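>>> Only the shape, not the letters, is given here:
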Ligand SMILES: [Zn+2]
Ligand SMILES: [Zn+2]
């Protein structure tokens, strides 16, 4: 079969890989949808000299060619030895929690295998992911996809949208909050949609007019263009000079991170989910003097992934509107070029 592999320096290749065979405890997924996520762009843009994509995200790996795609969604096609019918019925609609740990430590046993101290595989980064017709995965990484959600929506939940949900949960967002979301890419737009469904008054910040327009459609009460106005000042004006109760940075941009911290009110909460890069914070005035809580959130547990999907299904959140671009694998080069240079909603490979 053929799968997409990132070569670094904005090049990729549709390369031949052997068809996967399931080992003990594993299944083969027939892919139906495989999403494109912001961290794929880090991998796509990573310099070859710097060790390529996994190194760019601090995830290790041996640098060998890996099938990209860490938002896999499909059906169970084949079971390996020891996997029972009850665990993975053939044809079951599933998402995949895209990490493998030891399976035994406290983090693995609570569904947070990405926190395993014994070394992890990140599918689509250090292990073969979803940008291919088939994928091998441990049965314990499967997460059932609710009937109400499409495979494309399941792919979104498998990283970008699930990450937004995980961050909003860490922020404990409710209807009492004004929530500022910095960056309206696929994670930020999901946070706007989900934060609105959780009852918050959402203010969305992004430099792109297309994304601000999508944010409005997804429930943002107000949108801010940080190139037109100082977002911190604007957020204070929108909150009677107090600042927002909760702020979420989905950009990874140092200025946006600082603006998120500074826009929070006294006793406010701030969460960083945008990857990479750095930030300099003036700790006393920006944090200590206002009793700030600063949270860093990395994706979600396998249980959280299931919960996110259920939340979206039960509240009939139109997540499908986030998916603005559909591609076939053969269009991979154009697909990633488009996402590297344009500001759109979310792209997904369909099979
Ligand atoms: Zn473990
Ligand atoms: Zn991701």
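Arrived safely, thanks for sending. All of these numbers come straight from a predicted model, not from anything done at the bench. Ligands and ions are numbered 1, 2, ... in the order given.

>>> which SS class is the residue nearest to residue 144 when sequence neighbours are not counted?
Excluding its sequence neighbours, the residue lying closest to residue 144 (Cβ to Cβ, 6 or more residues apart in numbering) is residue 94, at 6.0 Å. For the C-beta atoms, the positions are set from N, CA and C on the backbone; glycine is no exception. Following DSSP: H, G, I helix; E, B strand; the rest coil, the label given to residue 94 is strand.

>>> check contacts around residue 94.
Counting by Cβ atoms under 8 Å, 6 or more residues apart in numbering, residue 94 touches 29, 73, 74, 75, 76, 88, 142, 143, 144, 145, 154.

>>> hmm, try it at 7 Å
Residues counted as contacts of residue 94 (Cβ atoms under 7 Å, 6 or more residues apart in numbering) are 29, 74, 75, 76, 142, 143, 144, 145.

>>> Which of these fall within strands?
Of these, the ones assigned to strands by DSSP state E are 29, 74, 75, 76, 142, 143, 144.

>>> For the residue of the stretch 51-200 of the chain found nearest ligand 2, list the residues it contacts.
Per Cβ to the ion, residue 159 is where the stretch 51-200 of the chain lies closest to ligand 2, at 3.3 Å. By Cβ under 7 Å, 6+ apart, residue 159 lies in contact with 35, 37, 70, 71, 98, 299.

>>> how about the nearest residue to the fourth one, chain neighbours excluded?
Right, residue 71. Closest to residue 71 by Cβ to Cβ, 6+ apart is residue 35, at 3.2 Å.

>>> how far away is that neighbour from residue 297?
Relative to residue 297, residue 35 is positioned 19 Å away (Cβ to Cβ, to the nearest Å).

>>> circling back to that earlier point, give me the buried entries from the contacts of residue 94.
In the contacts of residue 94, burial by neighbour count holds for 29, 74, 75, 76, 142, 143, 145, counting by 16 or more other Cβ atoms under 10 Å.

>>> from those, which single one is nearest residue 320?
Using Cβ to Cβ, residue 145 is the member of the buried ones among the contacts of residue 94 that sits closest to residue 320, with 13.7 Å.

>>> Quick check: that closest one touching residue 155?
No. Residue 145 lies out of contact with residue 155 (Cβ atoms under 7 Å); the separation is 9.6 Å.

>>> okay, and the common contacts of the two?
Contact criterion Cβ under 7 Å, 6+ apart; residues shared by residue 145 and residue 155: residue 73.

>>> Surely residue 347 is in a strand?
Yes. Assignment of residue 347 by three-state DSSP places it within a strand.

>>> Pull the contacting residues for it.
Contact analysis of residue 347 by Cβ under 7 Å, 6+ apart lists 36, 325, 327, 335, 339.

>>> one step back: between residue 35 and residue 297, which has more neighbouring residues?
Between residue 35 and residue 297, residue 35 has the larger neighbour count (other Cβ atoms under 10 Å), namely 30 against 17.

>>> Relative to residue 233, how far out is that one?
Shown here: residue 35 relative to residue 233, a distance of 35 Å by Cβ to Cβ.

>>> Next: residue 97.
In this view, residue 97 and residue 233 are 41 Å apart by Cβ to Cβ.

>>> Next to ligand 2, which bits of this protein? Give me the list.
Neighbours of ligand 2 within the chain, by Cβ under 5 Å from the ion: 37, 39, 159.

>>> State the number of residues packed around the first one.
So the one you mean is residue 37. Neighbourhood size, residue 37 [other Cβ under 10 Å]: 28.

>>> Touching, it and residue 72? I think so.
No. Using Cβ under 7 Å, residue 37 is not in contact with residue 72, being 11.2 Å away.

>>> Check which helix or strand residue 107 maps to.
In the assignment (DSSP states H and E), residue 107 maps to helix 106-109.

>>> what about that helix, distance to the chain center?
Put simply, helix 106-109 sits 21 Å off its chain's centre (Cα atoms, centre = their mean, to the nearest Å).

>>> Over to stretch 318-326?
Centre-to-centre, stretch 318-326 and its host chain are 14 Å apart (Cα atoms, centre = their mean).

>>> Let me know the average pLDDT across it.
Stretch 318-326 carries an average pLDDT of 97.

>>> Could you show which parts of the stretch 51-200 of the chain are in contact with ligand 1?
So the stretch 51-200 of the chain meets ligand 1 at 101, 102, 105, 108, 116 (Cβ under 5 Å from the ion).
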